[in-house]
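Chemist: task: produce atomic coordinates for the following.
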Amino acid sequence: MRTLRPPTRDDSATFLPTLVANLLPLVGVLRLGWEPTTLVFVYAAEVLVSLLVASGKALFAQRRPTSDREAGVLSVSDALLTAKRGGVRPVAWLPSIPIRNVSFALIVLYVTPVYAFFVGFYLHETFDAGMELLQAEVLLSVAALFVGQLVAIGRDYLGRRRYEYTSPYTVVETPARRVFFLAFVLTVGPAVGSTGALTLVVCAKLLLEWATFRATRDEGDSSRLADWFVVSPASADTDEDGDGAERAVHVPDVPPRARLRPDRSLVVRKGALRALARIAGSAPLFGLLWVAVVSGLASATGSALVVPVGAAALVAAALLAFGVQLAAYFLRYGTLEYRRHDETIVAYDTFLEEPQWAAPVQEIRDVTVATDWFDDRLLDAGWLRLTVGWDDAPAREIGPVRDAIRVAEALEIPSASKPTA
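Modeler: Okay, the predicted model is just below:
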């Protein structure tokens with residue numbers, strides 16, 4: 001357990017350059033006439049860039065995330081790929097990408113435009129900001145932040161192989177909490193005026209920098225506040241065994257005597273219906289964001305092209321989201337092959353060439369055939385659902401298939417009951 005140690009003289013001296021660098025913009029606004037709008041924009045853009053960079057970093061994190069993430073700002077508990085084993089290596093000079101990390105990267109990309117809209121609305125309402133924020137020097141400042149973080153990733157995260165003992169949850173949760181805190185601070189901006197809002201933002205950024213400094217200065221010696229802002233591997237990545245390691249799936253060293261695959265046409269159609277449902281659920285929020293952004297840009301630029309270009313971008317984004325959701329669903333179910341090895345049922349991913357789970361037949365119980373989703377009944381699909389072991393035993397599913405009873409017979413799984421609705 002970490003203990004609270006007051007900052008020492010050496011700590012204060014080490015943090016002094018960061019303190020000066022963050023207070024200098026505030027002095028510039030108060031004494032030198034700098035524009036507070038631009039400074040707040042760059043501060044907010046730095047947090048936004050950290051979100052985008054975290055999405056890429058999360059892909060390479062090798063440590064298995066803890067299953068208990070209820071206290072986090074981001075939640076991927078119902079994501080399709082978080083329990084997937086195995087990975088791919090796109091190029092030889094990069095680490096392997098565990099497939100389970102894709103869900104963590106996607107959830108960050110989902111919240112990023114929401115945060116960007118909130119910041120844009122805040123700047124407009126508090127500082128009456130407009131297109132002047134898109135000047136070349138401002139955009140170059142934001143690009144420099146992005147390049148700087150990429151360099152840090154290459155030198156520290158990849159070069160020193162920190163990804164080997166980091167989980168994707170740690171990577172995305174830290175910037176998400178910073179965004180949550182900054183958004184909370186920004187909500188009072190319109191009430192205190194432009195100078196007061198800038199002061200709040202600078203103080204918030206200083207607090208974030210201090211929390212990060214205290215959390216990374218000496219391992220095991222930061223405060224609870226620092227622990228909340230900076231999720232460390234020691235506090236977030238351990239599992240029920242305390243080591244965060246991935247347990248190997250034991251597959252008997254005998255050839256399978258039976259092989260069955262899900263009905264891939266069902267997988268595609270179920271994936272398409274699920275993707276459409278997800279897009280429909282997000283449509284009200286992103287529709288409102290689209291209307292607000294397009295209206296603001298049309299008013300600021302006076303161009304008649306804003307609406308058609310915005311509509312094309314919205315359609316492209318919806319198609320991209322549909323494709324990503326469909327691909328994730330297919331990778332979750334469509335690449336599996338269910339095998340009978342001696343007295344063990346094994347779910348094997350033929351694309352990743354990795355066993356996903358194994359169930360000794362003597363430990364299988366409560367076998368049922370389920371059609372409890374609307375799209376299952378619509379498509380005449382079924383799942384063979386079984387419990388493996390006792391106590392808090394995991395539930396396993398085989399499917400989707402046309403005839404789950406026939407699948408149970410082919411894999412010699414006993415006691416399969418009739419469908420349940």
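Chemist: what's the next secondary structure element after the strand or helix carrying residue 266?
Modeler: In this structure, residue 266 is located in helix 264-301 according to DSSP states H and E. Sequence-wise, the next helix or strand downstream of helix 264-301 (DSSP H and E) is helix 306-329.
Chemist: can you give me the domain boundaries for the chain?
Modeler: The record's domain parsing of the chain by automatic domain parsing lists 9-236, 264-333, 334-420.
Chemist: nearest to residue 258, of these?
Modeler: In this view, these are compared for proximity to residue 258 by CB to CB, and domain 334-420 is the closest at 4.0 Å. Heads up, the C-betas are built off the backbone N, CA and C, glycines and all.
Chemist: per-residue confidence averaged over the closest one?
Modeler: Domain 334-420 shows a mean pLDDT of 86.
Chemist: strands of the chain, start to end?
Modeler: When secondary structure is read from DSSP state E, the chain shows strands at 87-88, 97-98, 258-260, 336-341, 344-349, 354-360, 364-370, 382-388, 395-401, 419-420.
Chemist: would JSON lines of those strands with mean neighbour count and distance to residue 161 be doable?
Modeler: Compiled in JSON lines, these are given as follows (neighbours: other CB atoms under 10 Å; distance: least, CB to CB, whole Å):
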{"stretch": "strand 87-88", "mean neighbour count": "14", "distance to residue 161": "16"}
{"stretch": "strand 97-98", "mean neighbour count": "22", "distance to residue 161": "15"}
{"stretch": "strand 258-260", "mean neighbour count": "15", "distance to residue 161": "38"}
{"stretch": "strand 336-341", "mean neighbour count": "20", "distance to residue 161": "32"}
{"stretch": "strand 344-349", "mean neighbour count": "20", "distance to residue 161": "26"}
{"stretch": "strand 354-360", "mean neighbour count": "17", "distance to residue 161": "22"}
{"stretch": "strand 364-370", "mean neighbour count": "17", "distance to residue 161": "40"}
{"stretch": "strand 382-388", "mean neighbour count": "22", "distance to residue 161": "35"}
{"stretch": "strand 395-401", "mean neighbour count": "20", "distance to residue 161": "34"}
{"stretch": "strand 419-420", "mean neighbour count": "14", "distance to residue 161": "48"}
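Chemist: export these to TSV and tack on distance to residue 53?
Modeler: Rendered in TSV, the data for these read as follows (distance: least, CB to CB, whole Å):
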stretch	distance to residue 53
strand 87-88	20
strand 97-98	16
strand 258-260	43
strand 336-341	33
strand 344-349	29
strand 354-360	28
strand 364-370	41
strand 382-388	39
strand 395-401	36
strand 419-420	46
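Chemist: relative to residue 135, which of the ones you listed is closest?
Modeler: Ranked by CB to CB, the member of the strands of the chain that lies closest to residue 135 is strand 97-98, at 37.0 Å.
Chemist: cool, thanks, signing off.
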